[in-house]
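Asks: For reference, the sequence and a predicted model appear below.
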Amino acid sequence: MRRFIGLMILVFFLAVLPAHAGAPLDQVQANVNKVLDVLRDPTLKAESAKKIKKEKLEAIYAQMFDEGELSRRTLGSNWKKLNTSQQQEFIRLYQQVLEKAYIDKILSYTNEKIVFDKETMLASNQAEVQTKVLTSSKEIPIFYRVILEKDTWKVYDVVVENVSLVQNYRSQFNDILGKNTPDQLLEILRKKVKGY
């Protein structure tokens, strides 16, 4: 499961960046080159440039995700158990967990090909962009769920081979909140972030 989550995050960075409003698929396809430019930049290949490359990718992450939507959907009905201050801290910590857990996987990108299939409008402000990652041995379907926020399509979920990032983390957080308070959940996340 962790391998698939890593792949989801890798493909977030490879294929979804914000742009001015337009067809979600067009935005995904047009902006993929911005991330690929960072990953393919010969001046960033050396080990000494790893920190700079990470910083560039982290800046992209901050722009491309609707962190509030991602957090609300991940906690589901548990979202209301957190007060406003706890919700804001959860958003920040969850973003750091995702970022730090998978940045090395993103940096290991080796020129896999991404094919953009189609988009499906789920609502007037939500869409699913269907893509495939072609590796040397197989095709991996990746569906990006995006929401239109202030003229920008932002990611709120990714489904890789029928495994949703939101649903996977929701089950983990539901287990934690079934036995712990919101403050204890936040402390668990604080420790996890510190441990990276």
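Replies: Perfect, thanks for sending it.
Asks: Kindly provide the distance from residue 88 to residue 194.
Replies: Separation of residue 88 from residue 194 (C-beta to C-beta, to the nearest Å): 19 Å. Backbone N, C-alpha and C define where each C-beta goes, glycine included.
Asks: Which residue of these two possesses the greater neighbour count?
Replies: The neighbour count for residue 88 versus residue 194, taken as other C-beta atoms under 10 Å, is higher for residue 88 (13 against 8).
Asks: Check the spacing between the more buried one and residue 95 real quick.
Replies: From residue 88 over to residue 95 the distance is 11 Å, taken as C-beta to C-beta.
Asks: Kindly state the beta-bridge partners for residue 153.
Replies: Legend: beta-bridge partners of residue 153 under DSSP bridges are residue 148.
Asks: Am I right that it is in contact with residue 145?
Replies: No - assessed by C-beta atoms under 8 Å, residue 153 is found out of contact with residue 145, at 10.2 Å.
Asks: Which neighbours do these two have in common?
Replies: Listed as contacting both residue 153 and residue 145 by C-beta atoms under 8 Å, 6 or more residues apart in numbering are residue 127.
Asks: which one of the two has more residues nearby?
Replies: With neighbours defined as other C-beta under 10 Å, residue 153 and residue 145 compare such that residue 153 has more, 30 against 23.
Asks: Tell me how far the more buried one lies from residue 91.
Replies: From residue 153 to residue 91 the distance is 19 Å (C-beta to C-beta).
Asks: just so I have it, where are all the helices in this protein?
Replies: Counting by DSSP state H, the chain has helices at residues 2-15, 24-40, 50-64, 67-75, 84-107, 165-179, 182-194.
Asks: Tell me where the model's unsure across this structure.
Replies: For the chain, residues meeting the criterion pLDDT under 70 lie at 1-22, 28, 30-33, 104, 110, 196.
Asks: what do you get if the cut-off is 80, keeping everything else the same?
Replies: The model of the chain has pLDDT under 80 over residues 1-22, 26-36, 60-64, 100-112, 196.
Asks: so how far is residue 34 from residue 94?
Replies: For residue 94 relative to residue 34 (C-beta to C-beta), the value is 24 Å.
Asks: Just say which of the helices of the chain is most tucked in.
Replies: helix 67-75 (a mean of 21; mean count of other C-beta atoms under 10 Å).
Asks: how near is the closest residue to residue 29 other than its chain neighbours to residue 72?
Replies: Distances taken as C-beta to C-beta, 6 or more residues apart in numbering place residue 116 nearest to residue 29, at 4.9 Å, with adjacent residues excluded. Taking C-beta to C-beta as the measure, residue 116 falls 27 Å from residue 72.
Asks: From the chain's centroid, how far away is stretch 37-48?
Replies: Centroid displacement of stretch 37-48 relative to its chain, using C-alpha atoms, centre = their mean, to the nearest Å, is 22 Å.
Asks: again but with stretch 164-181, I slipped
Replies: The answer for stretch 164-181 is 17 Å, by C-alpha atoms, centre = their mean.
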